[in-house]
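# Predicted coordinates and the sequence they were generated for:
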Amino acid sequence: MTPSYANIQVRIESEKVGIVTLDRPKALNALNDELMTELGAALKAFDADDAIGCIVLTGSEKAFAAGADIGAMATYTFADVYKGDYITRNWETIRSIRKPVIAAVSGYALGGGCELAMMCDFIIAADNARFGQPEIKLGVIPGAGGTQRLPRAVGKAKAMDMALTARMMKADEAERAGLVSRVVPFDKMMEEAIEAALVIANFSRVAVMAAKESVNRAFESGLADGVMFERRLFHALFATSDQKEGMDAFVNKRPAAFKHE
Ligand code: DAK
């Protein structure tokens, strides 16, 4: 039984894939404090569930999420946000999730919505997706990593363009720029995301988590340190039964049956 929440829906697909759907349709899935707390709880629950091998995070056809809730933050003062460490608490949870999280993005992914998608491990976009960091129009700047993750994904020129002009990037441009890994028609988006999630969920969980950790290390370290980190994880995987199983299955021309240990 999956728990029920007020601002998100959760379900399990094919017993292996956890799906979280942002569900505040009247506000285009604007990300308020309650929603982010629920999202963190749902992601942590799937991360802790041995049956789950991958998570898909999605929204509605019109909006993945149109940003943090502007109404909720409109009257805050500097002292409020600084002393209260404004929404840092529940926005950081997603970074601690060790299983892969795929963002399936349709419609608007703006401000915190774009940042949330970028915190996921990769993005599969519907052809109607629109990415943007329009905070400059509100007299602020991106606050959940947009000025850092966007240039790493699309380079300085496009990141500056988006953060300074507030223009939106369509799905095809986002794919060319490297922000999203695949673009598909909207009615195929969830099928594509779930299929990718099932592929991942059927591999060794240990190897999958190591791959995620190692790729993420590329953004935190220099090349030599990153390669050494990868080398040590690669070596460590030879201590798993899944490495024996995977290689034996290849040699003997049979499908691998991973035990995730
Ligand atoms: N917040 C609250 N309500 C929103 C919203 C938002 N971000 N976006 C849309 N809504 C609401 C609208 O107010 C409207 O509500 P009602 O008037 O019907 O009650 C409803 O959703 C439908 O929106 P529209 O009528 O505007 O729909 P349109 O199709 O005409 O336009 C739009 C869609 C997405 C172009 C437009 O709604 C829009 O521009 N929305 C605002 C986009 C935006 O500026 N987003 C960035 C927000 S700032 C941090 C973490 C995160 C953040 C900061 C710090 N820390 C961890 C420190 C993030 C900041 C942001 O995201």
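Sure, I can see it.

# could you pull out the strands for the stretch 101-250 of the chain?
101-105, 108-110, 122-126, 130-132, 169-170, 182-184 (DSSP state E, counting those that start in this stretch).

# Rebuild those as CSV, extending it with mean neighbour count, distance to Lys44 and mean pLDDT.
For the C-beta atoms, the positions are set from N, CA and C on the backbone; glycine is no exception. Shown next, in CSV, are the strands of the stretch 101-250 of the chain (neighbours: other Cβ atoms under 10 Å; distance: least, Cβ to Cβ, whole Å; pLDDT from 0 to 100):
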stretch, mean neighbour count, distance to Lys44, mean pLDDT
strand 101-105, 27, 12, 98
strand 108-110, 28, 23, 98
strand 122-126, 25, 20, 98
strand 130-132, 24, 26, 98
strand 169-170, 19, 31, 98
strand 182-184, 18, 27, 98
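
# The lowest-mean-pLDDT helix or strand in the chain packs against which elements?
Least confident element among the helices and strands of the chain, by mean pLDDT, DSSP states H and E: helix 88-91 (a mean of 89). Helix 88-91 sits against helix 33-48, with contacts defined as 3 or more Cβ pairs under 8 Å, 6 or more residues apart in numbering; DSSP states H and E.

# what distance separates the helix it packs on from the middle of the whole chain?
Averaging C-alpha coordinates over helix 33-48 and over its chain gives two centres that are 13 Å apart (Cα atoms, centre = their mean, to the nearest Å).

# residues of it that come out buried?
Residues of helix 33-48 classed as buried: 33-43, 46-47 (neighbour count, 16 or more other Cβ atoms under 10 Å).

# what pLDDT, on average, does the helix or strand following that helix get?
Once the chain leaves helix 33-48, the next helix or strand it forms, by DSSP states H and E, is strand 54-58. For strand 54-58, mean pLDDT rounds to 98.

# got the CA positions of strand 54-58 in CSV?
Taking Å, rounded to 0.1, in the frame of the first residue of the first chain, the C-alpha atoms of strand 54-58 are listed here in CSV:
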residue,chain,number,x,y,z
CYS,A,54,14.2,3.4,-10.1
ILE,A,55,11.9,6.4,-9.5
VAL,A,56,10.1,8.6,-12.1
LEU,A,57,9.1,12.1,-11.1
THR,A,58,6.5,13.8,-13.3
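
# what angle do that strand and helix 33-48 make?
160 degrees (axes from the mean of the first three to the mean of the last three Cα atoms, to 10 degrees).

# that older thread, may I see the strands of the stretch 101-250 of the chain arranged in a markdown table, with distance to the ligand as well?
Output for the strands of the stretch 101-250 of the chain, formatted as a markdown table (distance: least, Cβ to the nearest ligand atom, whole Å):
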| stretch | distance to the ligand |
| --- | --- |
| strand 101-105 | 13 |
| strand 108-110 | 4 |
| strand 122-126 | 15 |
| strand 130-132 | 8 |
| strand 169-170 | 14 |
| strand 182-184 | 20 |
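
# how about the residues of the chain near the ligand?
27-28, 30, 66-71, 86-88, 91, 108, 110-112, 134-135, 138, 143-144 (Cβ under 6 Å from any ligand atom).
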